[in-house]
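# Take a look and give me a structure for this.
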Amino acid sequence: MKEYIVTARSFEDLESLYDDLETEGGDLYIPGRSVDCCQRRPISRNTHYMLTEDEADLLKKDPRVLDVESKELIDSILIEPHWTQTSSNWNKDLYEASTHKNWALYRCITGSQVPNWGDDGDNDVSGTVSTTSSGKNVDVVIMDGHVDPTHPEFASNPDGTGGSRVVQFNWYSLTSQVTGGSNGTYQYPTGVDLENSNENHGIHVAGTACGNTQGWARDSNIYNISPYSNNINTLAVSYTMDYVRVWHNNKSINPETGFKNPTIVNMSFGSSYTFSSSLLTNVNWRGANYTSGLTDTANLDSWGLTRRSGSNIIIPAYVTSWAADLEDAIEAGIILVGSAGNSSMKVDDSSGVDYGNTVTWSGLTRYYHRGDYRFSQDTMCIGAVGAKVTEYKNSGSSGSNYGTRITVFAPGDNIISSVHSGTYEVDDPRDSNYKLEKKSGTSMASPQVCGVLACALEQYPRMNQTDCIEYITTICDNEQLADSGGGYTDTISVAGTVKRYLFYKKERPEEGTIQPRPSYRLRTATGQTWPRVSVFKYKK
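Numbers count the residues shown, from 1 in each chain. Here you go, the predicted model:
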């Protein structure tokens with residue numbers, strides 16, 4: 001008997017499931033005994049029960065149940081940041097200098113490529129860019145490693161003065177609402193804890209989304225919660241979104257705007273299963289089953305199982321219970337943005353030819369071209385653009401994922417931002433005690449989109465997830481990303497799928513009102529907005 005997570009289809013089904021599972025005399029798909037409840041999560045559709053494997057398989061057939069998943073299997077999933085470290089003004093070079101700036105700001109505001117600009121051409125361009133929004137009265141949650149509130153990049157003013165915009169909220173003050181347990185104190189790491197690479201990852205992501213010289217949303221409020229298993233709070237990823245949702249729901253009205261501050265969450269991490277190719281027993285690729293030649297590298301490549309480490313195969317990990325929490329967060333009005341992943345693998349949508357591809361190992365069958373759990377429903381999925389003169393997606397064995405499930409591509413190579421410390425760090429020009437460094441990956445692309453959307457939410461604070469997806473896909477440049485036209489193993493190709501390139505749109509004149517416009521909605525076919533101005537005609 002093992003611990004399983006039972007995910008209900010709706011909150012309305014929970015009470016009847018509780019009653020049936022926790023009393024004797026089961027019917028149809030319910031065990032005939034009183035099932036032990038390990039963990040009831042007051043605000044979640046997920047409940048933990050002790051079940052046999054046969055009971056778990058049968059319970060999945062109950063119409064009230066979305067899925068039943070082994071907690072042991074979920075605990076084996078690797079949660080990892082999406083980035084690759086490189087040594088490194090409007091500069092695309094891979095080498096750092098304290099004068100360099102995040103080149104995505106220039107590229108996505110001007111909206112077009114500069115001839116011969118790239119790390120294989122002219123590294124630097126000079127020019128001036130301006131914006132008309134800065135994420136004021138928007139709450140940005142960096143679901144990632146620790147964000148140092150004292151770093152000059154997060155100060156209210158670009159010169160590092162004016163106090164920090166980082167709010168070190170006590171997430172564990174909400175534990176009684178999230179798990180039913182006792183409230184406590186959420187710890188933010190200091191000193192030696194910051195040497196963890198995940199912590200360096202989080203502060204870099206935060207600088208790209210919200211930094212005052214390297215980022216987009218320079219007046220936003222910055223929050224931080226870690227999803228990593230080695231965080232000092234031992235907070236499991238299963239609960240992070242529940243904490244954010246309770247906090248979001250409990251927000252009070254901002255007296256400056258008359259609305260609750262919008263919440264946007266950046267998730268620059270991924271989840272994956274790793275297993276030996278020798279354990280493979282079946283590959284179902286585009287409707288055909290294969291049971292032999294499963295360790296042959298050419299076959300694996302032809303099936304799109306291109307992410308490998310030695311004899312191990314690595315595939316995205318989809319977890320229904322985690323995905324349900326994201327869906328509920330979206331329903332609550334939270335905006336979710338996630339990195340696509342760095343395995344040069346295709347991420348298909350439900351209409352794609354690869355959406356149904358599965359692998360079976362050790363008795364487990366999993367989809368491998370759907371991305372991980374963060375890309376169910378409407379979570380935004382952000383791919384990375386490389387820093388070359390020709391604007392292909394980020395390439396190589398750790399290059400950006402691609403496919404019809406990608407919402408938009410954004411600059412992700414050689415992105416300079418804030419860090420605690422690094423191998424190739426340079427001093428922040430405002431204070432040599434603080435550092436900057438360049439990193440690459442979809443983790444660096446996702447916060448570009450998060451930051452642009454935070455700026456848009458300043459102007460249109462009532463946009464929901466669907467609105468944000470429509471907004472970002474409507475304003476983006478559709479044909480500025482090159483495609484080499486290859487297949488699974490062509491690591492710079494998007495295989496004829498999404499080519500959208502992030503663009504920042506000035507939503508008001510550079511001199512004019514900054515009043516939020518809560519009634520704004522996109523009309524995606526025309527780019528116009530509604531409600532339209534009424535025109536009255538008078539009869540004489």
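# ok, which stretches of this structure are helices?
Taking DSSP state H, the helices of the chain run over residues 14-21, 53-59, 71-75, 103-110, 175-178, 197-210, 237-249, 297-302, 320-331, 442-459, 465-475.
# Mean pLDDT and mean neighbour count for those - can I get that in TSV?
Every residue, glycine included, has its C-beta placed from N, CA and C. Formatted as TSV, the helices of the chain follow (pLDDT from 0 to 100; neighbours: other Cβ atoms under 10 Å):
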stretch	mean pLDDT	mean neighbour count
helix 14-21	94	16
helix 53-59	95	17
helix 71-75	90	15
helix 103-110	94	23
helix 175-178	96	19
helix 197-210	93	29
helix 237-249	96	22
helix 297-302	96	15
helix 320-331	94	21
helix 442-459	97	30
helix 465-475	96	19
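# so which of those gets nearest Arg374?
helix 320-331 (6.4 Å; Cβ to Cβ).
# Touching that closest one from outside, list them.
Residues from elsewhere that reach helix 320-331, judged by Cβ atoms under 8 Å, 6 or more residues apart in numbering: 5, 7, 44-46, 66-67, 69, 74, 237-238, 241-242, 244-245, 248, 265, 271, 336, 373-374, 376-379, 464-465.
# how does it look with 7 Å?
5, 7, 44-46, 66-67, 69, 237-238, 241-242, 244-245, 336, 373-374, 376-379, 465 (Cβ atoms under 7 Å, 6 or more residues apart in numbering).
# hang on, the earlier thing: could the helices of the chain go into JSON lines alongside distance to Val498?
Output for these, formatted as JSON lines (distance: least, Cβ to Cβ, whole Å):
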{"stretch": "helix 14-21", "distance to Val498": "37"}
{"stretch": "helix 53-59", "distance to Val498": "37"}
{"stretch": "helix 71-75", "distance to Val498": "30"}
{"stretch": "helix 103-110", "distance to Val498": "16"}
{"stretch": "helix 175-178", "distance to Val498": "36"}
{"stretch": "helix 197-210", "distance to Val498": "21"}
{"stretch": "helix 237-249", "distance to Val498": "26"}
{"stretch": "helix 297-302", "distance to Val498": "22"}
{"stretch": "helix 320-331", "distance to Val498": "21"}
{"stretch": "helix 442-459", "distance to Val498": "13"}
{"stretch": "helix 465-475", "distance to Val498": "9"}
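# To Tyr95, which of those helices lies closest?
helix 103-110 (13.1 Å).
# Could you export that closest one as PDB, CA atoms only?
Taking C-alpha atoms only, helix 103-110 is exported to PDB below (Å, rounded to 0.1, in the frame of the first residue of the first chain):
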ATOM      1  CA  TRP A 103      20.000  43.200 -25.300                       C
ATOM      2  CA  ALA A 104      16.400  42.000 -25.300                       C
ATOM      3  CA  LEU A 105      15.200  45.500 -24.100                       C
ATOM      4  CA  TYR A 106      16.600  47.100 -27.300                       C
ATOM      5  CA  ARG A 107      15.500  44.300 -29.600                       C
ATOM      6  CA  CYS A 108      11.900  43.900 -28.400                       C
ATOM      7  CA  ILE A 109      11.200  47.600 -28.100                       C
ATOM      8  CA  THR A 110      12.600  48.600 -31.500                       C
END
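# I'd like to know which elements it is packed against.
Secondary-structure packing of helix 103-110 (3 or more Cβ pairs under 7 Å, 6 or more residues apart in numbering; DSSP states H and E): strand 408-411.
# try 6 Å this time
Contact analysis of helix 103-110 by 3 or more Cβ pairs under 6 Å, 6 or more residues apart in numbering; DSSP states H and E lists no helix or strand as a packing neighbour.
# the inter-axis angle of that helix versus helix 197-210?
30 degrees (axes from the mean of the first three to the mean of the last three Cα atoms, to 10 degrees).
# which one of the helices of the chain lies closest to Trp117?
Smallest distance to Trp117 across the helices of the chain (Cβ to Cβ): 8.4 Å, for helix 103-110.
# Tell me what angle that closest one forms with helix 442-459.
On the basis of the same axes, to 10 degrees, helix 103-110 is oriented at 50 degrees to helix 442-459.
# residues in contact with helix 103-110?
Trp90, Asn91, Lys92, Val129, Pro411, Gln448, Leu502, Phe503, Tyr504 (Cβ atoms under 6 Å, 6 or more residues apart in numbering).
# any low-confidence regions in the stretch 51-200 of the chain?
81-89, 192, 195 (pLDDT under 70).
# What is the burial count for Thr185?
Thr185: 9 surrounding residues under other Cβ atoms under 10 Å.
# Lys388 contacts Gly118, correct?
Yes: counting by Cβ atoms under 6 Å, Gly118 is a contact partner of Lys388 at 4.6 Å.
# So these two - more neighbours on which side?
The neighbour comparison of Lys388 against Gly118 (other Cβ under 10 Å) goes to Gly118, with 21 against 18.
# now the closest residue to Pro31 other than its chain neighbours: how far from Gln465?
Distance criterion Cβ to Cβ, 6 or more residues apart in numbering; nearest residue to Pro31, sequence neighbours excluded, is Glu55 at 4.9 Å. Noted for Glu55: a distance of 35 Å to Gln465, by Cβ to Cβ, to the nearest Å.
# so what's Val385 up against?
By Cβ under 6 Å, 6+ apart, the neighbours of Val385 are Glu391, Phe409, Pro411.
# model confidence over the strand ranked longest in the chain, on average?
Determined from DSSP state E, the single longest strand within the chain is strand 431-440. Averaging pLDDT along strand 431-440 gives 95.
# counting contacts, what elements does that strand pack onto?
Using 3+ Cβ pairs under 6 Å, 6+ apart, strand 431-440 is in contact with strand 415-419, strand 426-428.
# now with 8 Å?
Strand 431-440 sits against strand 84-85, helix 197-210, strand 415-419, strand 426-428, with contacts defined as 3 or more Cβ pairs under 8 Å, 6 or more residues apart in numbering; DSSP states H and E.
# Can you say which of these is nearest to Glu22?
Taking Cβ to Cβ, helix 197-210 is the member of these nearest to Glu22, at 38.0 Å.
# which regions of the stretch 401-540 of the chain sit below the pLDDT cut-off?
511-540.
# ok, now with 50
By pLDDT under 50, the weakly predicted segments of the stretch 401-540 of the chain are 524-540.
# what is the most centrally placed residue in the chain paired to in the beta sheet?
The residue lying closest to the centre of the chain (Cα atoms, centre = their mean) is Gly338, at 1.5 Å. For Gly338, the beta-bridge partners under DSSP bridges are Met267, Cys381.
# Help me confirm that it comes into contact with Met267.
Yes: Gly338 lies in contact with Met267 (Cβ atoms under 8 Å); the separation is 4.2 Å.
# joint contacts of those two?
Common neighbours of Gly338 and Met267, counting by Cβ under 8 Å, 6+ apart, are Arg374, Thr379, Ser446.
# Which residues lie in contact with the nearest residue to Tyr239 once chain neighbours are set aside in this structure?
Among residues not flanking Tyr239 along the chain, Val178 sits closest, at 6.1 Å (Cβ to Cβ, 6+ apart). With contacts defined as Cβ under 8 Å, 6+ apart, Val178 is in contact with Arg41, Pro42, Ile43, Ser44, Tyr239, Asp242, Tyr243, Val246.
# And the helices of the chain: which comes nearest Gly383?
helix 442-459 (6.2 Å).
# helices or strands up against that closest one?
Packed next to helix 442-459, using 3+ Cβ pairs under 8 Å, 6+ apart, are helix 103-110, strand 139-143, helix 197-210, strand 263-267, strand 335-339, strand 380-385, strand 408-411, helix 465-475.
# For the ones you listed, please prepare CSV with the additional fields distance to Ala97.
What follows is these, written out as CSV (distance: least, Cβ to Cβ, whole Å):
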stretch, distance to Ala97
helix 103-110, 13
strand 139-143, 25
helix 197-210, 16
strand 263-267, 26
strand 335-339, 26
strand 380-385, 22
strand 408-411, 18
helix 465-475, 31
